[in-house]
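*Asks:* next input, structure requested:
(one chain, ligands or ions: 1)
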Amino acid sequence: MKIAIIGAGVAGLGAAADLKGKGHDVRLFDKGRGAGGRLSTRRASSPVGELRFDHGAQFFTARDEGFRRLIERLETGGHVARWSPRGAEIAPGPDGWTTTMTTPEAADVWYVGAPSMNSIVKAMASGFDISWGERAVEIERRADGSHVRFDNAGRQGPFDAVILAIPAEQAGELLEDISPALADEAKAATTAPCWAVMLAFAAPLETGWEAARINKAPLSWAACNASKPGRSGAQTWVLHASPEWTREHVDMDKEDVAAALTDVFCEMTGAPRPVYLAAHRWLYAKTDVSAGSPFGWDDTRKIGVIGDWRIAPRVEAAWQSGHALATFLAD
Ligand SMILES: Cc1cc2nc3c(=O)[nH]c(=O)nc-3n(C[C@H](O)[C@H](O)[C@H](O)COP(=O)(O)OP(=O)(O)OC[C@H]3O[C@@H](n4cnc5c(N)ncnc54)[C@H](O)[C@@H]3O)c2cc1C
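*Replies:* Numbering: from 1, shown residues only. Down below sits the predicted model:
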């Protein structure tokens with residue numbers, strides 16, 4: 001079959017590898033400028049040199065056997081590494097912030113892309129025909145197969161099947177006119193937004209921990225990006241706002257968000273002012289209501305739907321979703 005996959009994140013690329021392995025002719029399209037999706041890495045210039053931030057997913061687990069095999073291969077190739085930060089739980093208390101050191105669950109190895117988070121997606125993308133900077137805006141079923149219209153490349157096709165590997169909200173919009181049942185499934189799933197803040201300091205901070213979950217505060221996560229394996233240069237930090245704070249401030253200016261969340265971090269850790277700060281809004285970050293089945297398939301129109309939102313807000317779940325649809329199509 002000639003198959004178009006819209007979205008070259010972990011779900012789309014995982015499905016693409018399986019389908020190519022079964023002899024299908026796969027073409028991928030992604031609106032991003034390069035490999036990453038929610039495993040993107042942001043580059044920036046600062047007074048302390050060139051900086052890189054993993055501002056989306058922070059780490060991932062590999063409990064599924066098939067996903068673990070892929071990750072082990074990527075680890076052998078140097079695209080993935082293990083991260084063992086000193087962990088902490090932090091919460092505000094009556095006398096200031098309380099910090100409790102934590103140890104990760106023994107069963108859970110934390111993996112990251114190396115030397116940056118998008119390395120895993122770059123490695124998965126190699127060998128595929130991918131058109132970057134192409135946003136799909138319409139799917140049309142004609143007598144000769146499916147055609148997809150992109151905002152730059154125009155109409156592409158015919159394809160025997162089209163697979164959407166994009167967040168639920170974006171899939172819902174694209175499916176509305178072509179597959180109402182799949183559109184309804186996508187619209188029933190929801191994804192929480194997340195403000196991310198990227199910081200660099202003139203000198204390393206002495207916090208005693210490198211990854212903290214934060215409770216009852218505007219921040220839910222803070223990590224020393226520079227403590228991940230293979231990172232070099234100035235000490236960089238990534239902060240994530242809680243879903244509640246993000247929803248309340250979803251339309252706030254980036255600069256105001258960066259300043260507000262940096263204030264919380266500096267108060268919490270005693271850090272001096274950073275020499276670099278910037279904010280990024282993930283409008284669709286982590287699924288909070290999932291579809292509850294690993295993939296969707298419309299057999300009349302030959303459209304498949306995959307992504308983390310089918311299962312859970314995890315890198316591993318995105319791969320499992322793509323793998324499940326590819327296995328179904330191969331049988
Ligand atoms: C702030 C944040 C923190 C996270 N933390 C973790 C964590 O610690 N651990 C963990 O396991 N997971 C975490 N996640 C979730 C994890 O990143 C996702 O579960 C996973 O990356 C989803 O992969 P995907 O392939 O389904 O989607 P994506 O990675 O979003 O890929 C979808 C792709 O589709 C493209 N696209 C969208 N619409 C269109 C269109 N119309 N046309 C063409 N292309 C389109 C996008 O450009 C994107 O590249 C986090 C995510 C965020 C944002």
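
*Asks:* need the strands for the stretch 101-250 of the chain, in chain order.
*Replies:* Under the criterion DSSP state E, counting those that start in this stretch, the stretch 101-250 of the chain contains strands at 111-113, 130-132, 136-142, 145-150, 154-159, 161-164, 190-200, 211-214, 219-224, 236-241.

*Asks:* and the third one, what does it pack against?
*Replies:* Going back to what we said before, that points to strand 136-142. When contacts are defined as 3 or more CB pairs under 8 Å, 6 or more residues apart in numbering; DSSP states H and E, strand 136-142 sits against strand 145-150, strand 154-159, helix 168-175. In short, each C-beta sits where N, CA and C put it, glycine included.

*Asks:* can you list contacts of stretch 203-221?
*Replies:* Residues from elsewhere that reach stretch 203-221 (CB atoms under 8 Å, 6 or more residues apart in numbering): 58, 85-92, 99, 101-102, 222-224, 227, 235, 237-243, 245, 260-261, 264-265, 268-269, 271.

*Asks:* just the buried subset of these, please.
*Replies:* Buried members of the contacts of stretch 203-221, scored by 16 or more other CB atoms under 10 Å, are 58, 85-88, 90, 99, 222-224, 227, 235, 237-243, 245, 260-261, 264-265, 268-269, 271.

*Asks:* give me the subset of those touching the ligand.
*Replies:* Contacts with the ligand within these, as defined by CB under 6 Å from any ligand atom: 58, 240.

*Asks:* still on that earlier bit, CSV for the helices and strands packed on strand 136-142, including distance to residue 327, mean pLDDT and mean neighbour count?
*Replies:* As requested, the helices and strands packed on strand 136-142 are exported to CSV (distance: least, CB to CB, whole Å; pLDDT from 0 to 100; neighbours: other CB atoms under 10 Å):
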stretch, distance to residue 327, mean pLDDT, mean neighbour count
strand 145-150, 21, 97, 19
strand 154-159, 20, 96, 16
helix 168-175, 20, 97, 21
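
*Asks:* which one, of those, ends up nearest to the ligand?
*Replies:* helix 168-175 (4.3 Å; CB to the nearest ligand atom).

*Asks:* hmm, back to that, got a markdown table for the helices and strands packed on strand 136-142, with distance to residue 79 too?
*Replies:* Converted to a markdown table, the helices and strands packed on strand 136-142 look like this (distance: least, CB to CB, whole Å):
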| stretch | distance to residue 79 |
| --- | --- |
| strand 145-150 | 29 |
| strand 154-159 | 29 |
| helix 168-175 | 27 |
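
*Asks:* of those, which is nearest residue 51?
*Replies:* helix 168-175 (29.1 Å; CB to CB).

*Asks:* how about the residues of the stretch 1-150 of the chain that lie near the ligand?
*Replies:* So the stretch 1-150 of the chain meets the ligand at 6-12, 29-32, 37-39, 56-60, 135-136 (CB under 6 Å from any ligand atom).

*Asks:* quick one: low-confidence parts of the stretch 1-150 of the chain?
*Replies:* 104-107 (pLDDT under 70).

*Asks:* and the helices in it?
*Replies:* All helices of the stretch 1-150 of the chain, identified by DSSP state H, counting those that start in this stretch, fall at 10-21, 65-76, 119-125.
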